[in-house]
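Participant: dropping a prediction and its sequence here:
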Amino acid sequence: MRTREVGTTGHQVGAVGLGCMGMSWAYAQSSRDDAESAEVLRQAVDAGVTFLDTSDVYGAGHNEILLGEALAGRRDEIFLATKAGLVVTDMQTRAIARNGSPEHLRAAIDASLKRLGTDHIDLWYLHRIDDQVPLVESWGAMAEAVQAGKVRYLGLSEVTVAQCTAAAAVHPVTAVQSELSLWTRDALGEPSGAAGSEPVVTTMSIGGAPESGDVVGWCAANGAAFVPFSPLGRGFLTGAIDATTELESTDLRAGNPRFTPEARAANARIVDAVRAVADRHGATPAQVAIAWTLAQGPHVIPIPGTRRLRHLVDNIGAADLDLTKADLTELDNAPKPVGTRY
């Protein structure tokens, strides 16, 4: 697989990474299979997917344990990213809250290291900024972990340009992770323009910064990687989900404004635009959607998530798909989504 550098660290990783959240959290629990997820992780690394992304909040630590056990003995082959700053307040409803206190973060890094079975994290993100704690205090506590050798680099998740700048004044920002896809372009400084109600916080997700500014551009100008999560629009842009698809109550998308049956029917126009480009290249819609994120800059490293080997193979193929200028223009002009992202 083609590779890309993580910021200016000198570390080369596969151009397409792997988001591991869905193996433990947020999507239909009836189809969760730890054995299959572990095999996906091993096969991913074999195929050159070396940038793996997890968090201490995914399954209240389950996802970190899964990665640690599945990749035991292969630590040197991967660039491992995890996060802290969100906590599960009710496992049954999957309610979560922000906690960016220095005390919490200091305890969180030690707990993550233990669950992952490693002595260091390559990239440690502040999962969300806690409005009740000054960013400089959270970021300063995380910088202590770098100084202690527990962490190599620090990152931010779902932040604004102003927040990136404020953090960088305290300690270098190596990466910024935010949602970016053909139907969520806020991080490019282009609000989605989606029809529907104002964004809301559900019990299964914590929203980000609605007026983020051009975070992708900030990263390029400041030597940081930009890491898009949900580059496949939570699976919708693959074309595998339509207005008739049944979503389990345990699935994050069941309560998402973009995934009501009416919104899905309207948003099919976006999938049609993606499929038209895919057909010209003999590619899949998933590969085109991921390739679009890769085309936003050489510092962009998308992390599509999957629990299935067949989808892993499909996603990896995006690294070798070169979209033309005409393709990108056509995709940039795809219809705006119906429904907000949270």
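Facilitator: That came in fine, so what should we check first?
Participant: pull the number of nearby residues for Phe51.
Facilitator: Using other CB atoms under 10 Å, Phe51 is surrounded by 29 other residues. The C-beta positions use only the backbone N, C-alpha and C, and glycine is treated the same way.
Participant: can you give me the helices in the stretch 51-200 of the chain?
Facilitator: Under the criterion DSSP state H, counting those that start in this stretch, helices of the stretch 51-200 of the chain are mapped to 62-70, 102-116, 135-147, 161-168.
Participant: out of those helices, which is the most enclosed?
Facilitator: helix 62-70 (a mean of 21; mean count of other CB atoms under 10 Å).
Participant: who does that one touch, helix- and strand-wise?
Facilitator: With contacts defined as 3 or more CB pairs under 8 Å, 6 or more residues apart in numbering; DSSP states H and E, helix 62-70 has these neighbours: helix 34-46, helix 102-116.
Participant: got the contact list for it?
Facilitator: Outside helix 62-70, the residues within contact range by CB atoms under 8 Å, 6 or more residues apart in numbering are 20-21, 23-25, 34, 37-39, 41-42, 52, 54-56, 58-59, 80, 82, 112, 115-118.
Participant: one more time with 10 Å, if that's ok
Facilitator: Here helix 62-70 makes contact (CB atoms under 10 Å, 6 or more residues apart in numbering) with 18, 20-25, 32, 34-35, 37-42, 44-45, 52-59, 75, 78, 80, 82, 111-118.
Participant: buried sites along the helix ranked longest in the chain?
Facilitator: As assigned by DSSP state H, the longest helix anywhere in the chain is helix 261-281. Residues of helix 261-281 classed as buried: Ala263, Arg264, Ala266, Asn267, Ala268, Ile270, Val271, Ala273, Val274, Arg275, Val277, Ala278 (neighbour count, 16 or more other CB atoms under 10 Å).
Participant: ok, the first one touching Gly233?
Facilitator: No. Counting by CB atoms under 10 Å, Gly233 is not a contact partner of Ala263; they are 11.7 Å apart.
Participant: quick one on the thing from earlier: identify whichever of the helices and strands packed on helix 62-70 lies nearest to Lys150.
Facilitator: Nearest of these to Lys150, taken as CB to CB: helix 102-116 at 5.5 Å.
Participant: count of neighbours near His120?
Facilitator: Neighbours of His120 (other CB under 10 Å): 17.
Participant: what residues are up against it?
Facilitator: Arg75, Leu80, Ile109, Leu113, Ala145, Val146, Ala148, Gly149, Lys150, Val151, Arg152.
Participant: got any ranges where the stretch 101-250 of the chain has weak pLDDT?
Facilitator: 191-210 (pLDDT under 70).
Participant: drop anything exposed from the contacts of helix 62-70.
Facilitator: Among the contacts of helix 62-70, those scoring as buried are 18, 20-25, 32, 37-38, 40-41, 44-45, 52-59, 78, 80, 82, 112-113, 115-116, 118 (criterion: 16+ other CB under 10 Å).
Participant: and of the buried residues of helix 261-281, the nearest to Thr250?
Facilitator: Nearest to Thr250, judged by CB to CB, of those is Arg264 at 18.5 Å.
Participant: which residues touch that closest one?
Facilitator: Contacts of Arg264 were listed using CB under 10 Å, 6+ apart, and they are Phe236, Ile241, Asp242, Ala243, Thr244, Thr245, Leu247, Arg253, Arg258, Val271, Val338, Gly339.
Participant: go with 7 Å
Facilitator: Contacts for Arg264 (CB atoms under 7 Å, 6 or more residues apart in numbering) come out as Ile241, Asp242, Ala243.
Participant: again, but for Gln43
Facilitator: Leu309, Leu312.
Participant: give me the most central residue, the chain.
Facilitator: Residue closest to the average C-alpha location in the chain (CA atoms, centre = their mean): Phe229, at 2.4 Å.
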